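K.L.:
Sharing a model that was predicted from the sequence below.
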2 protein chains.
Amino acid sequence: MKIILDKRDIDKLTESPNMAMLDLMNTPYITIREFEERDWPAVWAVLEPVFRTGETYPYPTDISEDEARKAWVETPQKTYVALEGERIVGTYYIKPNQPGQGSHVCNCGYVTAPDQRGRGIGTGMCGHSLEEGRRLGFKAMQYNMVVSNNEDALHVWQKMGFKVTGRLPKAFNHPKAGLVDAVVMYLWIGELNS
Amino acid sequence: MKIILDKRDIDKLTESPNMAMLDLMNTPYITIREFEERDWPAVWAVLEPVFRTGETYPYPTDISEDEARKAWVETPQKTYVALEGERIVGTYYIKPNQPGQGSHVCNCGYVTAPDQRGRGIGTGMCGHSLEEGRRLGFKAMQYNMVVSNNEDALHVWQKMGFKVTGRLPKAFNHPKAGLVDAVVMYLWIGELNS
């Protein structure tokens, strides 16, 4: 599947009940499609500086390229890339957050290329993932560990309808700030009465 | 390491700040030690009926013995068995809940043989896991998915000092009750001022 976030799609997306997508009007015209094997070098170029800094995701800062590929591409159910023209400017994955009786709740991780932040690419990927999550049959989406001082992420996820449903004291060992709280965020994406 | 929960140990455990261990006085004299290869058939006999029922853990109810072994013994950092005499009456695992910057928080899962419930074995295993978690260098313990209608478990974990830090609406698809909430529970086990 290939989704181009042009005006028509944005109009369609804004009909979805859980999403406050007004800010998506500011999103560059990015294309989001499923990851293909040839994308890996460009995806790793997006992920590596973020993982090495280690301020937003709990991946070891010395994670190897192979381990990163396993975590981002092999373990998840699906992985996507966000493109502006030919350039990969962001990537996200989706997977069940738990097996069995918890498998109707999905989990996603999103990374935007550091030099592309603030352009709405994370918002666009999140909106895309909510639609994909529904299409894949998931009923809710959960983020297990949003670092409490990552205000940009908190702002975007809340704008998209996520609620902070839990706070984990000192659960993230931030390379600069030390032990900081993390929060659990959750959004029901199934039918509202199911 | 082998721990026998006799009176002396209980006295020692009750000195730990986070634990209200009074009810542990009612725990049978169980022995808890690390899992050994030869234990698997008896451990599987404890796990299988609980996983097949599927009311407390999100493992698929049709999980294979191999998948169960992977989840309970191979993936975790360590696995333990609780014995009464020669009989394995319970088992638990411990592992980091997240990699990297979240790896100071551990996660445990506990299962008591169905015909041994209500005898304090879960409480004993939880107390043992808190000590082991400290010994292994973890600073906190987190349960990601406690099923909200599993009142016995909620009671025991709260008695041991855990707080409900998050509620996940309809996150568990209970075989009898349908979609029910799950809660996230958390306990700091490091130094109180760290």
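P.N.:
Nice, I can see it.

K.L.:
hey, where'd the strands end up in chain A?
P.N.:
Secondary structure of chain A by DSSP state E: the strands cover A:2-4, A:31-34, A:78-84, A:87-96, A:105-112, A:140-147, A:163-174, A:178-188.

K.L.:
Now distance to B:Pro60 and mean pLDDT too, for these, in CSV please.
P.N.:
For the C-beta atoms, the positions are set from N, CA and C on the backbone; glycine is no exception. Shown next, in CSV, are the strands of chain A (distance: least, C-beta to C-beta, whole Å; pLDDT from 0 to 100):
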stretch, distance to B:Pro60, mean pLDDT
strand A:2-4, 31, 43
strand A:31-34, 26, 96
strand A:78-84, 20, 96
strand A:87-96, 11, 97
strand A:105-112, 15, 98
strand A:140-147, 18, 98
strand A:163-174, 25, 97
strand A:178-188, 22, 98
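
K.L.:
quick one, which of those strands is nearest to chain B?
P.N.:
Taking C-beta to the nearest C-beta, strand A:163-174 is the member of the strands of chain A nearest to chain B, at 1.8 Å.

K.L.:
Other residues contacting the closest one?
P.N.:
With C-beta atoms under 8 Å, 6 or more residues apart in numbering or on different chains as the test, strand A:163-174 has contacts from A:55, A:58, A:145, A:147-149, A:154, A:158, A:179-187, B:98, B:101-105, B:139-140, B:142, B:165-169, B:184, B:186, B:188.

K.L.:
Tell me what the residue nearest in space to the middle of chain A is bridged to.
P.N.:
Chain A has A:Tyr110 as the residue nearest its centroid, 3.0 Å off, counting by C-alpha atoms, centre = their mean. Note on A:Tyr110: beta-bridge partners A:Tyr92, judged by DSSP bridges.

K.L.:
correct me, but it touches A:Ile94?
P.N.:
No. A:Tyr110 is not in contact with A:Ile94 according to C-beta atoms under 8 Å; the separation is 10.1 Å.

K.L.:
Common neighbours of those two, please.
P.N.:
Residues touching both A:Tyr110 and A:Ile94 by C-beta under 8 Å, 6+ apart: A:Ser129.

K.L.:
Near chain B, which residues of chain A are found?
P.N.:
Proximity of chain A to chain B is confined to A:54, A:57-61, A:63, A:98-105, A:139-140, A:142, A:144-145, A:165-175, A:179, A:182, A:184, A:186, A:188, A:194 under the rule C-beta under 8 Å from any C-beta of the partner chain.

K.L.:
same thing but at 6 Å, please
P.N.:
Along chain A, the residues adjacent to chain B under the rule C-beta under 6 Å from any C-beta of the partner chain are A:54, A:58-60, A:98-102, A:104-105, A:145, A:165-168, A:171-173, A:184, A:186.

K.L.:
List buried members of the residues you listed by neighbour count.
P.N.:
A:54, A:58-59, A:98, A:100-102, A:104-105, A:145, A:165-166, A:168, A:171-173, A:184, A:186 (16 or more other C-beta atoms under 10 Å in any protein chain shown).

K.L.:
give me phi/psi at A:Pro58?
P.N.:
phi -80, psi 20 (degrees, to the nearest 10).

K.L.:
which non-adjacent residue is nearest it?
P.N.:
Once flanking residues are discounted, A:Pro58 sits nearest to B:Gly102: 3.6 Å by C-beta to C-beta, 6 or more residues apart in numbering or on different chains.

K.L.:
Thanks a lot, catch you later.
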